[in-house]
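Peer 1: okay, here's the prediction I keep looking at, along with the sequence it came from:
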Amino acid sequence: MYARILVLIDGYASGQLALDHAGDIAHACNATLVLLHIVDAAADDDDDGMPHRWEMGERLLAQAADSLRIDCIEVDTVLRRAAMGRRLPEQIAFLSVELGCDVMVVGMDGRRDGYALLFGGDGALAQLSPVTVILVRQPHSSSASTFGAAPLLERAAARV
């Protein structure tokens, strides 16, 4: 079904959900997971004593790859700088083709990550992507409706 599955690794819980889901798909399809982390081009030059984001990206990718290899999943890792003059969704769409992927798995848990990347703004990844995009959501509590209205209701109630 799928041979190469692209997974965006960002260190957030939603990214871990996507990674877990992609691992299940890779097991079922005997597919290779392609783990991608994109570093802000200007962020590698931090001089505030914090580890460089490039090094953090390397660690994130290594940790994710090691956890998958334990389960005998074939893994490729890709670390790239954000392309100047290209929006992130455009760069990811381009890389999905360059890396030979046939599907992309993206975690979403709200506007901060997958939702904003896919549906926010005019450069939505879902519209730009030349490959199938699978969205992985946080599991809803048992009180959530089957249509996922509970998070919307919770946000509306918080505004009152």
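Peer 2: Arrived safely.
Peer 1: report the buried residues of stretch 2-21.
Peer 2: Neighbour-count burial for stretch 2-21, counted by 16 or more other Cβ atoms under 10 Å, picks out 2, 4-10, 14-19, 21. Every residue, glycine included, has its C-beta placed from N, CA and C.
Peer 1: what segments of this protein are helices?
Peer 2: Taking DSSP state H to define them, one finds helices in the chain at 13-29, 53-70, 88-98, 114-119, 125-128, 149-159.
Peer 1: of all the ones you listed, which one is nearest residue 135?
Peer 2: Nearest to residue 135, of all those, is helix 114-119, at 6.3 Å by Cβ to Cβ.
Peer 1: so residue 68 makes contact with residue 62?
Peer 2: No. Using Cβ atoms under 8 Å, residue 68 is not in contact with residue 62, being 11.0 Å away.
Peer 1: neighbour-wise, which of the two wins?
Peer 2: Neighbours per residue (other Cβ atoms under 10 Å) separate residue 68 from residue 62, with residue 68 holding more: 21 against 13.
Peer 1: find the nearest non-adjacent residue to that one, please.
Peer 2: residue 75 (5.0 Å; Cβ to Cβ, 6 or more residues apart in numbering).
Peer 1: just grab the bridge partners of that neighbour for me.
Peer 2: Judged by DSSP bridges, the bridge partners of residue 75 are residue 33.
Peer 1: what about it, neighbour count?
Peer 2: The burial count for residue 75: 19, using other Cβ under 10 Å.
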